[in-house]
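**Q** One predicted model, sequence on top.
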Amino acid sequence: MPRSSEYSDEIAARICEELIEGKSLRKICEAEDMPAASTVFLWLSRFPTFSEQYTRAREAQMEAMADDIVDIADDGTNDYVTKTNGDGSTYEAFDSEHVQRSKLRVDTRKWLMGKLAPKKYGDKLDLNVGGSLQTMPQEDLDARIAKLLAEAGAGATAGGEGKTQGEK
């Protein structure tokens, strides 16, 4: 049975609700009663009200992801597993695979949030430059320029008889 590509407010609202719950558009559109993702993108360009709802849903989805990050980071329930020795005794062992998977889940959400909402969740660049700008009195500046020009002239005449490198 072909998917419907006919727009309805009900389907649009369901899409937005499921986005807010954290589902990806791809997962939402896998359901047989939902349109294809390409249809949703077409609707975004054709229906301004849906486009606004979708934008707000994506913003809310970022907030939900921020909550997910805290929940994932705080959940240590599977960081240790019970293992059995050869003699039948058990011990607790650190499950690095689970911890790495949790780290990946957090990092993926952070990356996605930074890309989809860079002003709010992107890395902040520090464009402040330290140090200070020194000023020099005009007569000291003139003397410094004269000294540098004299040194440059002496270097040119000492090694190349007054010719520049392009004239050799």
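**A** The structure has been received and is ready for your questions. These numbers were taken from a predicted model, which means no experiment stands behind them. Numbers count the residues shown, from 1 in each chain.

**Q** if you skip the residues just before and after it, what's nearest to the residue most central in space within the chain?
**A** With distances taken as C-alpha atoms, centre = their mean, residue 114 lies nearest the centre of the chain, 3.4 Å away. Nearest in space to residue 114, with sequence neighbours left out and distances taken as C-beta to C-beta, 6 or more residues apart in numbering, is residue 122 at 4.5 Å. All C-beta spots, glycine's among them, are computed from the backbone N, C-alpha and C.

**Q** What is the neighbour count of residue 109?
**A** Look at residue 109: counted by other C-beta atoms under 10 Å, it has 20 neighbours.

**Q** Same question for it, what's its three-state structure.
**A** What DSSP: H, G, I helix; E, B strand; the rest coil gives for residue 109 is helix.

**Q** wait, isn't it in contact with residue 68?
**A** Yes. If you go by C-beta atoms under 8 Å, residue 109 and residue 68 touch, sitting 6.0 Å apart.

**Q** For whichever helix in the chain runs longest, which helices and strands make contact with it?
**A** Longest helix in the chain by number of residues, with DSSP state H as the criterion: helix 48-74. Counting contacts by 3 or more C-beta pairs under 8 Å, 6 or more residues apart in numbering; DSSP states H and E, helix 48-74 packs against helix 9-20, helix 37-46, helix 96-116, helix 118-121.

**Q** let's see it at 7 Å
**A** helix 9-20, helix 37-46, helix 96-116 (3 or more C-beta pairs under 7 Å, 6 or more residues apart in numbering; DSSP states H and E).

**Q** Test my guess that the residue nearest to residue 114 contacts residue 112.
**A** No. Using C-beta atoms under 7 Å, residue 122 is not in contact with residue 112, being 11.2 Å away.

**Q** Thank you, goodbye.
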